[in-house]
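Novice: this one's structure only:
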């Protein structure tokens, strides 16, 4: 936390020095990041978490005359997933569109980019905006981090500011651990960057760098701004209000500059429900450059914000736990007990405070920056919030390490991973992603559970969820499962008269089998994640030979995508599994 002031003469000298010290970065380094243009929600900083098969709402700025809305989820190395548009309404009171879309039921669990198109040449792509889940449990955990101060904690005029990347390294180390711990999401409580004015100024690209690092997270992240992000500094040359406008450009809503009547707040505040708990993000900071003092005042929260918060919490059922997150309540304006807030998470002060023994919990957390690399795990268990003391990633990754015995790059069919957990916490939902050859699927593991397998450019990415006890080494080996199921012997009642053909398949695929005795036969097509695609037979059949055909359509009648599939046939206690490829 720094609030330096500098004399005008010194400032002029520092500015001149900075012009010469400005790094001669390539065009790619200087290129601006993904700015918000059309879609205002979900975005990287306010994402959507949705169960496959369910719907969510896209908020978009576009003319009222716009038609032909369409949307899809994309992820590098995979085919896009088109979203079904179920509604599209323009609300004049909000001066934007609200578009209801449905996620197909077969979309793998992951964090996706969102693509939106409409008439008039509208196209927008929003990175890291939508997380798809197979289900959402009432027992889960989240992680709070705070005060990353990217890319450096040095001010632009200080020696070394142009080349220092220490705070980026700190955040990378924390992200590495978070991706193994596998929380449902991350809460980042402000001071994401060190100087909010330094996006365009001298091509510093502070917000661009922050955005690109946060996209490394394998889970969604909810951001709330802090004073370094939007408070502004008198000593930084760009004009007052630049910091806040930069935040709106990358992580906020630009309509807040002149908000519509339906959303009269000038601040970025939001709430969402997850796993039976209610989460509230509230913008809080000190207005250092005194920009729009009549609007933003001189306190942490404006009166309009406090009214919004009271209204939001008034409709939350009394039995639903409430977790609020913000940068800091500088003037102690919030009464957690009166508002019904069970837990408040914040930062700014650069140290840990508050008791985790009884609610309401009022907890600040140590920083990510300055080598602290801190994070706080908060569990929610069937309506009970259970915060823990902060843990740290460690100076060299020594607190939580993931090691592979061979390259985890899709070339080896058998890989052993060791997770060294030197933390005092058990991570019940730890995650390891194995990258193995797709043509050797399906795979099995000797510990944990393969929750899904996703094919990316000929590589099978197997997601293995496994508990990682405190102070332990957890070992997992993945290898091909054998592929042909239970082999028959001299007394077998099920035999394949002809394997699947053609293989690869373009229009249909067939299989012939023989029964030695009468038996109940179940034949299914499943994908590499083990999910049912179609059922071809589920009936009792007499002794004889049979042909099965599949038209490459799923149970709903839709054409399946190209990829690896399995035809699984069972008769009594016997099973055969045939692998084949669909090429469209």
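Specialist: In hand now; what should we look at? Owing to the predicted nature of the structure, the values given are computational and were not obtained by experimental measurement.

Novice: for the closest residue to residue 134 other than its chain neighbours, report the pLDDT, please.
Specialist: In space, and not counting its chain neighbours, residue 134 is closest to residue 109: 5.5 Å by C-beta to C-beta, 6 or more residues apart in numbering. Yep, even glycine has a C-beta here, placed from its N, CA and C like the rest. In this model, residue 109 is scored at 95, pLDDT.

Novice: ok, now residue 260?
Specialist: 97.

Novice: what sits against it?
Specialist: 93, 94, 95, 96 (C-beta atoms under 8 Å, 6 or more residues apart in numbering).

Novice: filter these to the buried ones?
Specialist: Buried subset of those (neighbour count, 16 or more other C-beta atoms under 10 Å): 94, 95, 96.

Novice: other residues contacting the helix or strand hosting residue 455?
Specialist: Secondary structure assignment for residue 455, by DSSP states H and E: strand 449-456. With contacts defined as C-beta under 8 Å, 6+ apart, strand 449-456 is touched by 76-78, 108-110, 134, 438, 441-444, 460-466, 478, 528-530, 563-564.

Novice: so for it, mean pLDDT?
Specialist: In this model, strand 449-456 carries a mean pLDDT of 89.

Novice: next, the buried residues of that strand.
Specialist: So strand 449-456, judged by 16+ other C-beta under 10 Å, has buried residues 450, 451, 452, 453, 454, 455.

Novice: again, but for stretch 316-334
Specialist: 316, 321, 322, 323, 324, 325, 326, 327, 328, 329, 334.

Novice: TSV for those, including secondary structure, pLDDT and distance to residue 517?
Specialist: Formatted as TSV, those follow (DSSP: H, G, I helix; E, B strand; the rest coil; pLDDT from 0 to 100; distance: C-beta to C-beta, whole Å):
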residue	secondary structure	pLDDT	distance to residue 517
316	coil	97	61
321	coil	97	57
322	strand	98	62
323	strand	98	60
324	strand	98	65
325	strand	98	64
326	coil	98	69
327	coil	97	72
328	coil	97	74
329	coil	97	74
334	coil	97	73
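
Novice: the protein: helices as residue ranges?
Specialist: Counting by DSSP state H, the chain has helices at residues 8-21, 27-30, 166-181, 206-214, 227-230, 242-250, 293-296, 303-314, 336-339.

Novice: just name the most buried of those helices.
Specialist: helix 227-230 (a mean of 29; mean count of other C-beta atoms under 10 Å).

Novice: now tell me what touches it from outside.
Specialist: 149, 190-196, 243-244, 247, 283, 285-286, 288, 327, 348.

Novice: buried by neighbour count, from those residues: which ones?
Specialist: Members of the contacts of helix 227-230 classed as buried by 16+ other C-beta under 10 Å are 149, 190-196, 243-244, 247, 283, 285-286, 288, 327, 348.

Novice: now, which of the buried ones among the contacts of residue 260 lie within strands?
Specialist: residue 96 (DSSP state E).

Novice: so what's the residue count around the closest residue to residue 211 other than its chain neighbours?
Specialist: Excluding the flanking residues, the one nearest residue 211 by C-beta to C-beta, 6+ apart is residue 33, at 4.5 Å. Counted by other C-beta atoms under 10 Å, the residues lying close to residue 33 total 17.

Novice: list the contacts of the most centrally placed residue in the chain.
Specialist: For the chain, the residue nearest the mean C-alpha position is residue 220 (2.3 Å; C-alpha atoms, centre = their mean). Contact analysis of residue 220 by C-beta under 8 Å, 6+ apart lists 47, 49, 111, 128, 131, 185, 186.

Novice: against residue 214, how distant is the spatially closest residue to residue 472 that is not a sequence neighbour?
Specialist: Computed as C-beta to C-beta, 6+ apart, the closest residue to residue 472 that is not its neighbour in sequence is residue 421, at 5.4 Å. Counting by C-beta to C-beta, to the nearest Å, the gap from residue 421 to residue 214 is 24 Å.

Novice: okay but the residue nearest to residue 134 is in contact with residue 463, surely?
Specialist: Yes. Under the criterion of C-beta atoms under 8 Å, residue 109 makes contact with residue 463 at 7.3 Å.

Novice: now list the buried members of the contacts of residue 220.
Specialist: 47, 49, 111, 128, 131, 185, 186.

Novice: tell me which of the buried ones among the contacts of residue 260 is nearest to residue 257?
Specialist: For the buried ones among the contacts of residue 260, the residue nearest residue 257 by C-beta to C-beta is residue 95; the value is 12.2 Å.

Novice: now for that closest one: which residues touch it?
Specialist: Applying C-beta under 8 Å, 6+ apart, the residues contacting residue 95 are 61, 255, 260, 262.

Novice: any idea what the nearest residue to the first one once chain neighbours are set aside is bridged to?
Specialist: Nearest residue to residue 61, sequence neighbours excluded (C-beta to C-beta, 6+ apart): residue 96, at 5.1 Å. According to DSSP bridges, residue 91 are recorded as the beta-bridge partners of residue 96.
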